[in-house]
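Trainee: Could you look at this predicted model? Sequence included:
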Amino acid sequence: MSFCRERSGAKLRVLEGEKVRLRPVEDDDIPKLVEWENDADIVRWAGKQFDTVEDAREWHLKPTLQHRTFAIELLDGRLIGEIEVLNITWKTGTAEIRVFIGEKDLWNRGLGEDAVSTLVKAYFASTSLKEIFLRVDEENRRARRCYQKVGFRTEGRVTCRWEDGSRRTILLMKLRKTDGSRKHAGKQYGGG
Ligand SMILES: CC(C)(COP(=O)(O)OP(=O)(O)OC[C@H]1O[C@@H](n2cnc3c(N)ncnc32)[C@H](O)[C@@H]1OP(=O)(O)O)[C@@H](O)C(=O)NCCC(=O)NCCS
């Protein structure tokens with residue numbers, strides 16, 4: 001059990017970035033997170049995850065070996081969004097991330113980049129994860145640029161028909177522990 005805890009980085013609780021802090025979700029955060037998760041602009045790009053508030057509560061408040069949600073807050077403590085690590089496969093050292101900044105007036109200020117960068121650095125440094133991937137709509141240029149700044153690269157694409165009949169292309173982007181961030185060229189996330 002202790003091995004599992006070590007491997008999964010259970011020590012990862014509060015992660016300090018340069019602009020944001022990532023911390024465990026608390027019960028008081030749930031109404032705001034659910035409000036954002038139902039916002040049309042967030043749903044358009046990040047998808048809709050839960051049918052009920054109880055489902056959201058269960059997912060966000062109960063991390064498992066396969067998933068964990070962090071609340072994103074400004075350094076003054078204001079909740080602004082969430083970032084999740086999910087589909088964690090310890091056997092292969094891979095996981096997916098999903099993120100949104102719910103406060104739209106705070107988009108384009110480098111907060112998404114800081115949240116993603118803080119998360120991947122911590123997981124690469126403290127767990128056995130070697131690769132982190134994400135899925136993003138090809139048209140979501142803001143998110144693509146955000147991930148690109150952290151060092152993610154596009155590795156694949158799939159075009160599918162959505163519920164509303166539209167066709168969308170989803171990119172698979174990936175970052176390896178041995179990659180460097182674009183901003184800090186040459187600086188690796190952890191080696192090994
Ligand atoms: C995606 C998201 C998490 C990014 O967070 P953010 O704080 O806005 O991102 P950042 O400020 O770090 O980076 C955004 C970059 O995109 C750029 N950008 C914004 N609109 C753009 C556009 N139409 N085309 C190209 N670049 C664009 C910004 O200028 C910035 O780049 P810069 O720092 O080089 O100037 C946030 O915008 C969000 O939650 N969006 C809605 C939900 C979503 O899309 N989630 C991701 C699902 S995969």
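Mentor: Everything's here; your move.
Trainee: I'd like to know how many residues surround the residue of the chain found nearest the ligand.
Mentor: In the chain, the residue that lies nearest the ligand is Gly112 (2.0 Å; C-beta to the nearest ligand atom). The way it works is simple: take the backbone N, C-alpha and C, and place the C-beta from them, glycine included. By other C-beta atoms under 10 Å, 27 other residues sit near Gly112.
Trainee: Can you verify it is assigned to a strand?
Mentor: No: secondary structure of Gly112 (DSSP: H, G, I helix; E, B strand; the rest coil): helix, not part of a strand.
Trainee: which residue packs closest to it, ignoring adjacent ones?
Mentor: Nearest residue to Gly112, sequence neighbours excluded (C-beta to C-beta, 6 or more residues apart in numbering): Cys146, at 4.3 Å.
Trainee: so Ile97, which of the three states?
Mentor: Per three-state DSSP, Ile97 ends up strand.
Trainee: do the same with Leu134
Mentor: Three-state call for Leu134 (three-state DSSP): strand.
Trainee: May I ask you to confirm that the residue of the chain closest to the ligand is in contact with Ala143?
Mentor: Yes: if you go by C-beta atoms under 8 Å, Gly112 and Ala143 touch, sitting 7.4 Å apart.
Trainee: looking at the chain, which helix or strand is least sure?
Mentor: Across the helices and strands of the chain, mean pLDDT, DSSP states H and E gives its lowest value to helix 2-8, namely a mean of 43.
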